[in-house]
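Asks: Got a sequence here, can you model it:
(2 chains, ligands or ions: 2)
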Amino acid sequence: MMENGNGVCAVDIQAVEKVYHSKGRQPVQALKKVSLSIRDNEFFTLLGPSGCGKTTLLRLIAGFEQPTAGEILLFGNRIEGLTPYSRSVNTVFQHYSLFPHMTVADNIGFGLKMLKIDQATRDKTVSEMLSLVHMEDFANRMPHQLSGGQQQRIALARALAPHPKVLLLDEPLSALDLKLRQAMRLELKQLQEKTGITFVFVTHDQEEALAMSDRIAVMSNGEVQQIGTAGDIYDRPSNSFVADFIGETNLIDAEITSQAGAISNCDFPGGTLQAETITGRSVSDKVTLTLRPEKLRLSTAEEPEQGRMMGHVVERVFLGTDTTYLVQISPEVTLQVREQNALPGATRFDVGAKVSVAAADGATRILEG
Amino acid sequence: MTIDAKFPAPKLPQIRRSADSDFFNRWARLFPSLFIIGFFMLAPILVVGTYSFLEADPYGGVRPNYSSAAYAQLVFEENLDGSWGFNPSYVKILWRSILIAGISTALCLIVGFPVAYYMARQPVDKRNFLVLLITIPFWTNLLIRTYCWILILRDTGLVNNSLISAGILDAPFKMLYTNGAILLGLVYTFVPFMILPIYASVERLDLRLLEAGHDLYATRWQVMREIILPLAKPGIIAGSILVFIPCIGAFIAPDLLGGSKKLMIGSLIQLQFSSSRNWPFGAAVTLVLLAFVLIVLMIYAMKSSGKKDLEAA
Ligand SMILES: Nc1ncnc2c1ncn2[C@@H]1O[C@H](COP(=O)(O)OP(=O)(O)OP(=O)(O)O)[C@@H](O)[C@H]1O
Ligand SMILES: [Mg+2]
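Replies: Numbers count the residues shown, from 1 in each chain, chains lettered A, B, ... in the order given. Ligands and ions are numbered 1, 2, ... in the order given. Sure, this is the predicted structure:
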């Protein structure tokens, strides 16, 4: 399968299933009919909660596991049966796995040495890689003499040195502290743009995924839930899992009471909201609405009208830049509202205050799944 | 110590201890180890050392007169006319022993490494069972086990008889009383001492490193050479020392399987205290062997510590 526009696709995963069989235990289905196409030169992220099968998918691409069913193509070629050492794919492992008995330079040069590249070219590449990850002064250190963040950079340099066509990164930032993680996000993104290598990045941190990726595949329970750009999956989540997993959201059970062309009116206990009509959902259907907390506004209580709901504050959480309010608008429905603190004229509402909640135009969406 | 002069150590309040308690702290705590080293190691060596400089009593034991004849006998012999000439036979025996011990160690490594590697890569519950299997030979006396090898190897033994009755051989193939038999006996006796340390070091190996190696284009053989062997090196060295040293001094296997013509240094020492009744000479050979082993170990220790300094730099 060719991807439209962008040329060839680097990794094509076609209906891949993976079942782990272990003696005396129930077989575990780690992947269920996963299909996705990763384009060349793309920063592609696999995002999902722990145990959803992200590492399994990477291991299938790298060749450490064989799919139970389905196929994987690398630049159009089937790679079934190819050993890991004959695939032009390198991995940055979650635990770095630097070789403890080799210096930093030997670690980075390892792949090239195995490919029988001559010493001079190897030395040149190693020093290029060291400067790429800003570790020029560490060439002769042993891995155990490095901090976690430094080891992570060396693992990255080691995987990049043979210039693979595809680089797999398995939660490489998870062991770092917040500051370093944020810095490394930017660096990784720049590195990907500079080298033009296809990155397949695994994370369970949605913020990380949104910050770096060209496209994201959201996974859950061994299935792909949605594939799209950060904006796509944030603004147009296709089901309640994605809406809930990416950022924060209010999920409201509602019923479509009327439709006027592109607009559906959805009723729920405590209010009515307008949302874009989606195919397959018509009047008197039960639907789930998603409404991001930051797209709701609080004001002092006024009369209810279109897109405005009345309620009272039941909880207030101060988050630094923002404040989150929980506003109960009916016994069944409590909405989360996020207000920016720095906004001029922002009023603070106390617990128990009567307020009205207004949704921005186009903020309410009907979920397909 | 010019640095000390420039930066005098800050005067810290000293906790004063009486001389008595100082003495107590230093020596009393060391006493158990000093006692064990002194009583079980240094004292026997001193006794052996003393005996080696005494005169032999033809009926066994020693006479309390100083003599360095034992050491002279190592390399010289008294000719019939009373003059002394060079006698290489004992040096040859020492050299043979080193050679056979070295070959045995190499064979133990070749046999032991794959076994240890296989064991260490099994599921945990199976591993413990395999370690138990390795120790089974120790449940029976070594002498009896070595006699069993005679039954297997001799001209009318298990191997020759079955090969002849199967029509593969016409006449028995001589196996007993050869160098091969000695090597077989030594490898059989000492291979567990090679397997266990290697097993321990391979078991600790992080298997994810092997995956990382494959990921970086290393074939199975390259992973073995570049990752597994270097990381198993401490086990290989420990195993080699544990095999080489007892091999040099071994006498049961060389005696029983090698016969009287293939003397090794262990048998030579044993002979001096039994039929030859030359205790001083036996003691002298013992000390020479001890000195040789110590020198080998010291060279190894110096080499490996030198490498560590290099890595740290
Ligand atoms: N070797 C294995 N044998 C049996 N089950 C396995 C094996 N490896 C993974 N699994 C199971 O497969 C499922 C997916 O595992 P996987 O490691 O791919 O998750 P993940 O998405 O990478 O999670 P995390 O974010 O925690 O790393 C899990 O339920 C896990 O228990
Ligand atoms: Mg994982």
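Asks: Identify the residues contacting the residue lying closest to B:Y66 once chain neighbours are set aside.
Replies: Take B:Y66 and drop its neighbours on the chain: the residue closest to it by Cβ to Cβ, 6 or more residues apart in numbering or on different chains is B:F53, 5.9 Å away. Glycine gets a C-beta too; all of them are placed from N, C-alpha and C. Counting by Cβ atoms under 8 Å, 6 or more residues apart in numbering or on different chains, B:F53 touches B:Y66, B:S67, B:S68, B:A70, B:P280.
Asks: what's the closest of the residues you listed to chain A?
Replies: B:A70 (47.2 Å; Cβ to the nearest Cβ).
Asks: quick one: low-confidence parts of chain A?
Replies: Chain A contains residues with pLDDT under 70 at A:1-7, A:301, A:304-307, A:343-346, A:369.
Asks: Get me the contact residues on it for ligand 1.
Replies: Within reach of ligand 1 by Cβ under 6 Å from any ligand atom, chain A has these residues: A:20, A:22, A:28, A:30, A:48, A:50-56, A:204.
Asks: Same list, the residues you listed, but as CSV with secondary structure please.
Replies: Output for the residues of chain A next to ligand 1, formatted as CSV (DSSP: H, G, I helix; E, B strand; the rest coil):
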residue, secondary structure
A:Y20, strand
A:S22, coil
A:V28, strand
A:A30, strand
A:G48, coil
A:S50, coil
A:G51, coil
A:C52, coil
A:G53, coil
A:K54, helix
A:T55, helix
A:T56, helix
A:H204, coil
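Asks: what number of residues lie near A:I256?
Replies: 19 (other Cβ atoms under 10 Å in any protein chain shown).
Asks: For it, list the residues it contacts.
Replies: Counting by Cβ under 8 Å, 6+ apart, A:I256 touches A:S264, A:N265, A:C266, A:D267, A:R281, A:S282, A:V283, A:S284, A:D285, A:V287, A:I366.
Asks: Which ones among these map onto strands?
Replies: Within the contacts of A:I256, residues falling in strands by DSSP state E are A:S264, A:N265, A:C266, A:D267, A:V287, A:I366.
Asks: Of the residues you listed, which pair is most distant in space?
Replies: Spatial extent of those (Cβ to Cβ) is set by the pair A:D267 and A:I366 at 12.7 Å.
Asks: Those two - which one has more neighbours?
Replies: Shown here are A:D267 and A:I366; by other Cβ under 10 Å, A:I366 has more neighbours (20 against 13).
Asks: Report the beta-bridge partners for the more buried one.
Replies: Going by DSSP bridges, A:I366 is paired in beta bridges with A:L289.
Asks: ok so, going back, and of the ones in strands among the contacts of A:I256, the nearest to A:L188?
Replies: Taking Cβ to Cβ as the measure, A:I366 is the one of these closest to A:L188, at 35.6 Å.
Asks: Compute the distance between A:L169 and A:L60, please.
Replies: A:L169 sits at a distance of 15 Å from A:L60 (criterion: Cβ to Cβ, to the nearest Å).
Asks: Can you name the residues in contact with whichever strand or helix holds B:D255?
Replies: Using DSSP states H and E, B:D255 maps to helix B:252-258. Residues outside helix B:252-258 that contact it (Cβ under 8 Å, 6+ apart) are B:100, B:142-143, B:146-147, B:149-150, B:153, B:176-179, B:181-182, B:184-186, B:188-189, B:262-264, B:266-267, B:270.
Asks: could you give me the average pLDDT of it?
Replies: Helix B:252-258 shows a mean pLDDT of 87.
Asks: Convert the C-alpha atoms of the next helix or strand along the chain from that helix to CSV, please.
Replies: With elements assigned by DSSP H and E, the helix or strand that comes after helix B:252-258 is helix B:265-273. This file holds the C-alpha atoms of helix B:265-273, laid out as CSV (Å, rounded to 0.1, in the frame of the first residue of the first chain):
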residue,chain,number,x,y,z
ILE,B,265,54.2,-33.6,39.9
GLY,B,266,51.4,-34.5,42.2
SER,B,267,52.2,-38.2,41.9
LEU,B,268,55.9,-37.4,42.4
ILE,B,269,55.2,-35.6,45.7
GLN,B,270,52.9,-38.4,46.8
LEU,B,271,55.6,-41.0,46.1
GLN,B,272,58.2,-39.2,48.2
PHE,B,273,56.0,-39.5,51.3
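Asks: that older thread, specify which member of the ones in strands among the contacts of A:I256 is nearest to chain B.
Replies: Out of those, the member with the shortest distance to chain B (by Cβ to the nearest Cβ) is A:I366, at 44.5 Å.
Asks: can you tell me how far the closest one sits from ligand 1?
Replies: 29 Å (Cβ to the nearest ligand atom, to the nearest Å).
Asks: wait, isn't that residue in contact with A:F268?
Replies: No - taking contacts as Cβ atoms under 8 Å, A:I366 lies outside contact range of A:F268: 12.0 Å.
Asks: any shared contact partners between those two?
Replies: Taking Cβ under 8 Å, 6+ apart as the contact rule, A:I366 and A:F268 both touch A:L289.
Asks: Pull up the per-residue confidence for the spatially closest residue to B:V111 that is not a sequence neighbour.
Replies: Nearest non-adjacent residue to B:V111, counting by Cβ to Cβ, 6+ apart: B:V191, 5.7 Å away. We have a pLDDT of 95 for B:V191.
Asks: Show the subsequent helix or strand relative to the host helix or strand of B:V191.
Replies: Element membership for B:V191, per DSSP H and E: helix B:179-203. The helix or strand immediately downstream of helix B:179-203 is helix B:207-215, counting by DSSP H and E.
Asks: residues touching A:N140, list them.
Replies: A:N140 makes contact with A:T103, A:V104, A:A105 under the criterion Cβ under 8 Å, 6+ apart.
Asks: Check the secondary structure at the last one for me.
Replies: Meaning A:A105. Going by three-state DSSP: A:A105 is helix.
Asks: Report the separation between the closest residue to it other than its chain neighbours and B:R121.
Replies: Leaving aside its chain neighbours, A:A105 sits nearest to A:A139 (4.2 Å; criterion: Cβ to Cβ, 6+ apart). A:A139 is 34 Å from B:R121, where distance means Cβ to Cβ.
Asks: go on, A:G271?
Replies: Separation of A:G271 from B:R121 (Cβ to Cβ): 64 Å.
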